[in-house]
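In: here is my input, please return the structure:
(one chain, ligands or ions: 1)
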Amino acid sequence: MISKSLLPLEAASPAYICPYDQACSYLEAAAKELKLDQGLLEILSHPRKVVTVSIPVKLDNGEVRVLPGHRVQHSDVLGPYKGGIRYHPAVTLREVSALAMLMTWKCALLGIPYGGAKGGVPIDPKRYSVGELERITRRYTSELIKDIGPAIDIPAPDMGTSAREMAWMMDTYSVNVGHAVPGVVTGKPLAIGGSRGREMATGRGVMIIVREALTDRGQSLVGVRVVIQGFGNVGCAAAELLYQAGAKIIAVSTGAGGIFAQNGLDIPALKAYAAENHKSIVGFPGAIAISNADLLTLSCDVLIPAALENQITQENVHQIQAQIVAEAANGPVTLEANQLLEARGVTVLPDILANAGGVVVSYLEWVQGLSYLFWDEERVNREMEHLMVQAYHQVIQQSKTRQVNLRLAAYTLGVGRVAQALTVRGLYP
Ligand code: GLU
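Out: Numbers count the residues shown, from 1 in each chain. As a prediction, the model looks like this:
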């Protein structure tokens, strides 16, 4: 049994699925398939560095609150640590650690020269003013100043953060070191060295992977019935691009609930509606209200969970009607549910492949910054498409060669590449 002693246990209810244990069980399955050396598995099961800082912040009412801020650096065997910063009430050290490990496999699978990291602060950003969020972000960055940097660890947006937070991070880091360092973060605004296409990148990647999977089934995106859980950065961009490609988006949701329209939603109109109504989609004309739980079990061709972890579990897996499940979120399908879906012939497109578009364009942003040469959006999209399609075909090929499902195929590729790099680098001292 692998020791996870580095990470404190969290309060557990009977239904609690520890995200770190789940990430380790995926790793163990890949290690078994690859017949990986036990010592290598032991190394890869532990994050290299776990940092928790205290973020004292003065709220607008004068009260001082201290928030925990995590940054977990799982592996830098292939290059600098890379991964998003999450602001969400459900953030815990174990969740951040699991997501950091996923980033390692994701970057290795996509063939981009990064290791994996993740950061997070357990807050609901909607409950804080812009000024408070800025003070939280700046103090969090300054507490991590020695742990991040363009050659060390490069944060990016994740759930609850965006280009705005990246600009604050870049500025705080730059002011502290005494000169402008755009490469310390990716997903930043265009005005300070961001990349064209980054905002839509994760959603675009989801669209590309779904399109490839449909092509393999002899289908196209035209007329395909799609359900999307989540209408944040990823869900919204995926909806828009799938809609443009001719798919019928019949339901979408946010944390506050979902909407359903049998004949498909007008996504551009919905986007405009959400922008006018503080990101709420409830009450969109011509659609009927639906709960998040019911949305997942709707009859459709493609289901895209683009919100939180553990949405499709042993509890609801038998009611899932989709033929393809594309994991736009990280870890929305549990290991057991994945196996049950595969047994029924449902294709599950794993997170480290399906949602990799974001980090791929982060990489392209970093490359453009390092070479002081910025590309037009068409080039960014083309380069990203190439890396996504290549990884998709490698996963399909690996799944056929090893006779394993797509998740295990993706993991064996990602884990295998990191293990190989670790082997040739050797263990210091
Ligand atoms: N947060 C995104 C992810 O989970 C993007 C990370 C990045 O761009 O570094 O993949």
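In: so how many other residues sit close to the residue lying closest to A326 once chain neighbours are set aside?
Out: Leaving out its chain neighbours, the residue that sits closest to A326 by CB to CB, 6 or more residues apart in numbering is L349, at 4.4 Å. Heads up, the C-betas are built off the backbone N, CA and C, glycines and all. Other residues near L349 number 25, with proximity taken as other CB atoms under 10 Å.
In: you'd agree L349 is up against R211?
Out: No. The pair formed by L349 and R211 falls short of the contact definition of CB atoms under 8 Å, at 10.9 Å.
In: distance-wise, check the closest residue to the ligand within the stretch 201-350 of the chain relative to Y173.
Out: Closest approach between the stretch 201-350 of the chain and the ligand, counting by CB to the nearest ligand atom: N330, at 6.1 Å. Going from N330 to Y173 by CB to CB, to the nearest Å gives 25 Å.
In: need the residues of the stretch 151-300 of the chain near the ligand, please.
Out: Applying CB under 6 Å from any ligand atom, we find that the stretch 151-300 of the chain lies next to the ligand at 156, 158, 186-187.
In: the strands in the stretch 251-400 of the chain, which residues?
Out: Assigned by DSSP state E, counting those that start in this stretch, the strands in the stretch 251-400 of the chain fall at 257-260, 288-290, 302-305, 324-326, 347-349.
In: can you say which of those strands is packed in most?
Out: strand 302-305 (a mean of 29; mean count of other CB atoms under 10 Å).
In: could you give the mean pLDDT of stretch 217-232?
Out: If you average the pLDDT over stretch 217-232, you get 97.
In: any idea how far the top strand by length along the chain is from the middle of the chain?
Out: Looking across the chain with DSSP state E, the single longest strand is strand 64-75. Centre-to-centre, strand 64-75 and its host chain are 18 Å apart (CA atoms, centre = their mean, to the nearest Å).
In: now do stretch 300-317: distance to the chain's middle.
Out: Offset of stretch 300-317 from its chain centre (CA atoms, centre = their mean): 15 Å.
In: my bad, should have said stretch 415-424
Out: For stretch 415-424, the distance to the chain centre is 23 Å (CA atoms, centre = their mean).
In: list of residues touching it?
Out: For stretch 415-424, contacts defined as CB atoms under 8 Å, 6 or more residues apart in numbering pick out 27, 30-31, 34, 36-37, 40, 43-44, 75, 77-78, 104-105, 108-109.
In: with stretch 137-147 instead?
Out: Looking at what lies outside stretch 137-147 - CB under 8 Å, 6+ apart - the contacts are 49, 51, 53-57, 69, 71, 73, 85, 119, 121, 148, 153, 161, 165, 168-169, 171-173, 176-177.
In: so what's L41 closest to, chain neighbours aside?
Out: The nearest residue in space to L41 (CB to CB, 6+ apart) is A31, at 4.5 Å.
In: the helix or strand hosting that neighbour to strand 64-75, inter-axis angle?
Out: Assigned by DSSP states H and E, A31 belongs to helix 19-34. Helix 19-34 and strand 64-75 are oriented at 0 degrees to each other (axes from the mean of the first three to the mean of the last three CA atoms, to 10 degrees).
In: buried sites along helix 19-34?
Out: 19-20, 22-24, 26-31, 33-34 (16 or more other CB atoms under 10 Å).
In: and the nearest residue to E336 once chain neighbours are set aside, its phi and psi?
Out: If the residues on either side of it in the chain are set aside, E336 comes closest to Q314, at 5.1 Å by CB to CB, 6+ apart. Taking degrees, to the nearest 10, you get phi -60, psi -30 for the backbone angles of Q314.
In: and Q314, what does it touch?
Out: Shown in contact with Q314 (CB under 8 Å, 6+ apart): 334, 336-337, 340.
In: ok, now S399?
Out: Listed by CB under 8 Å, 6+ apart, the contact partners of S399 are 405-406, 408-409.
In: go on, G194?
Out: G194 neighbours (CB under 8 Å, 6+ apart): 163, 166, 186-188, 365.
In: ok, 7 Å please
Out: Each residue near G194 by CB atoms under 7 Å, 6 or more residues apart in numbering is listed here: 163, 187-188, 365.
In: got it, and G116?
Out: 74-75, 81-83, 100-104, 107.
In: filter the residues you listed down to the ones in strands?
Out: Counting by DSSP E, these contribute 74-75, 81-83 to strands.
In: now, among those residues, which is nearest to V206?
Out: G83 (18.1 Å; CB to CB).
In: separation between that closest one and the ligand?
Out: Per CB to the nearest ligand atom, to the nearest Å, G83 is found 5 Å from the ligand.
In: could you do V72 as well?
Out: Distance, V72 to the ligand, by CB to the nearest ligand atom: 13 Å.
In: hang on, isn't that residue packed against A100?
Out: Yes. V72 lies in contact with A100 (CB atoms under 7 Å); the separation is 4.1 Å.
In: between those two, what contacts are shared?
Out: 47, 117-118.
In: closest to the ligand out of those?
Out: K118 (7.4 Å).
In: just checking, what packs against the helix or strand hosting V96?
Out: Per DSSP H and E, V96 falls inside helix 93-110. With contacts taken as 3 or more CB pairs under 7 Å, 6 or more residues apart in numbering; DSSP states H and E, helix 93-110 sits against helix 19-34, strand 64-75, strand 81-87, strand 115-121, helix 351-354, helix 357-371, helix 377-402, helix 406-425.
In: of all these, which one is nearest G345?
Out: helix 406-425 (12.7 Å).
In: low-confidence stretches in the stretch 1-150 of the chain?
Out: In the predicted model of the stretch 1-150 of the chain, residues 1-15 satisfy pLDDT under 70.
In: residue of the stretch 151-300 of the chain nearest the ligand, please.
Out: Nearest residue of the stretch 151-300 of the chain to the ligand (CB to the nearest ligand atom) works out as A156 at 3.3 Å.
In: can you tell me the element T52 falls in?
Out: T52 belongs to strand 49-58, assigned by DSSP H and E.
In: give me the sheet partners of that strand and which way each runs.
Out: strand 64-75 (antiparallel) (DSSP bridges).
In: return the set of buried residues in the strand it pairs with.
Out: Those would be 67-75, for strand 64-75 by 16+ other CB under 10 Å.
In: dump the residue contacts of the residue of the stretch 201-350 of the chain closest to the ligand.
Out: 99, 102, 309, 351, 355.
In: which one of these is nearest to the ligand?
Out: For these, the nearest to the ligand is N355 (5.9 Å; CB to the nearest ligand atom).
In: tell me how many other residues surround the closest one.
Out: 28.
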